[in-house]
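Visitor: build me a structure from this.
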Amino acid sequence: MSRGVALEMFSPLIWHQLPFLLVGFRTTLYVSGICLVLATVVGIVVALGLLSRLFVVRAIAGLYIDFFRSTPLLIQLVWVYYALPLLTGYSMTSLEAGILGLTLYEGSYLTEIFRSGIMSVATGHIDAGRALGMTSWQVFHQIVLPQAAVRMLPAFTGQALTLLKDSSILSIIAVQELLWQAESVIPITLHSMQMLTVVAILYFAVGFPVALLSNRLHARWAFDQGA
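Guide: Okay, the predicted model is just below:
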């Protein structure tokens with residue numbers, strides 16, 4: 001970035017648009033939070049499906065993962081927003097379509113994280129719990145989940161940050177998140193590089209602290225459990 005471009009970052013015209021950008025950033029955080037919760041539920045359910053003894057359940061879960069991980073998110077979003085209403089007869093807003101599409105996409109990645117975390121727990125620990133007369137739920141809740149959570153945390157946090165960044169693609173279906181807001185005011189400011197730099201700073205302001213917190217929690221939990 002040249003000195004002139006850097007100085008233009010402090011232009012009143014740029015910072016005058018900051019409240020408008022923050023409205024979009026609030027939408028970004030809202031969508032990311034909702035999608036993370038829903039994708040986590042989807043990931044857990046599908047991960048358990050992959051570990052099911054029923055072939056049909058495993059096949060359906062595997063097909064879901066293969067489809068959403070093998071096709072671009074952009075195409076999925078466009079299909080959900082434009083084609084799905086034609087097939088179902090239910091019209092969705094761009095926000096609803098964005099949340100649905102992003103949830104299904106991110107859920108396919110979280111599924112593998114959860115499945116790997118569960119399978120990383122030593123079978124000896126599970127057998128010991130059953131030998132003590134614990135139910136399957138008790139074994140999962142008291143033995144499997146605490147150990148798996150420590151191992152899954154770095155990958156889970158990384159995927160959460162990826163979800164935050166992927167939410168910018170929702171601008172393609174007119175979800176008024178941070179990038180959409182920035183693109184709408186660029187013709188006014190005529191400073192595209194500066195506006196996009198402000199957008200990057202806002203993403204960094206959230207993503208970097210989350211990454212630091214994740215590293216600290218992982219180190220602490222791993223030490224407590226001797227992982």
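Visitor: quick one: contacts for residue 49?
Guide: The contact partners of residue 49, taken as Cβ atoms under 8 Å, 6 or more residues apart in numbering, are 57, 58, 60, 61. Where you see a C-beta, it was placed from the backbone N, CA and C, and this is true even at glycine.
Visitor: and it, how far is that from residue 113?
Guide: Separation of residue 49 from residue 113 (Cβ to Cβ, to the nearest Å): 15 Å.
Visitor: thinking again about what came up before, let's see if you can find the most crowded of the contacts of residue 49.
Guide: For the contacts of residue 49, neighbours were counted by other Cβ atoms under 10 Å; the highest total belongs to residue 61, with 21 neighbours.
Visitor: which helix or which strand is home to that residue?
Guide: helix 55-70 (DSSP states H and E).
Visitor: please identify the buried residues of that helix?
Guide: Applying a neighbour-count criterion of 16 or more other Cβ atoms under 10 Å, one finds 61, 64, 65, 68 buried in helix 55-70.
Visitor: and what of stretch 191-202?
Guide: By 16+ other Cβ under 10 Å, the buried positions in stretch 191-202 come out as 191, 194, 195, 197, 198, 199, 202.
Visitor: from the contact counts, what lies against the host helix or strand of the second one?
Guide: Here residue 194 is covered by helix 192-225, with elements defined by DSSP H and E. Applying 3 or more Cβ pairs under 8 Å, 6 or more residues apart in numbering; DSSP states H and E, one finds that helix 192-225 contacts helix 3-8, helix 12-15, helix 18-50, helix 145-166, helix 178-189.
Visitor: state the mean pLDDT of the helix holding residue 61.
Guide: Helix 55-70 shows an average pLDDT of 95 in the prediction.
Visitor: and the angle for that helix with helix 18-50?
Guide: Note on geometry: by axes from the mean of the first three to the mean of the last three Cα atoms, to 10 degrees, helix 55-70 and helix 18-50 are set 150 degrees apart in direction.
Visitor: list the contacts for the closest residue to residue 156 other than its chain neighbours?
Guide: Computed as Cβ to Cβ, 6 or more residues apart in numbering, the closest residue to residue 156 that is not its neighbour in sequence is residue 113, at 5.7 Å. By Cβ under 8 Å, 6+ apart, the residues touching residue 113 are 43, 152, 155, 156, 159.
Visitor: so how far is residue 148 from the residue nearest the centre of the chain?
Guide: The residue at the geometric middle of the chain, judged as the C-alpha nearest the mean C-alpha position with Cα atoms, centre = their mean, is residue 163 (3.0 Å). Taken as Cβ to Cβ, the spacing of residue 163 relative to residue 148 amounts to 20 Å.
Visitor: quick one: low-confidence residue ranges for the chain.
Guide: 1-13, 218, 221-227 (pLDDT under 70).
Visitor: relative to residue 176, how far out is residue 95?
Guide: 8 Å.
Visitor: overlap of the contact sets of the two?
Guide: With contacts defined as Cβ under 8 Å, 6+ apart, the residues shared by residue 95 and residue 176 are residue 27.
Visitor: re the thing from before, a markdown table for the helices and strands packed on helix 192-225, including distance to residue 122?
Guide: Converted to a markdown table, those look like this (distance: least, Cβ to Cβ, whole Å):
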| stretch | distance to residue 122 |
| --- | --- |
| helix 3-8 | 54 |
| helix 12-15 | 55 |
| helix 18-50 | 18 |
| helix 145-166 | 8 |
| helix 178-189 | 43 |
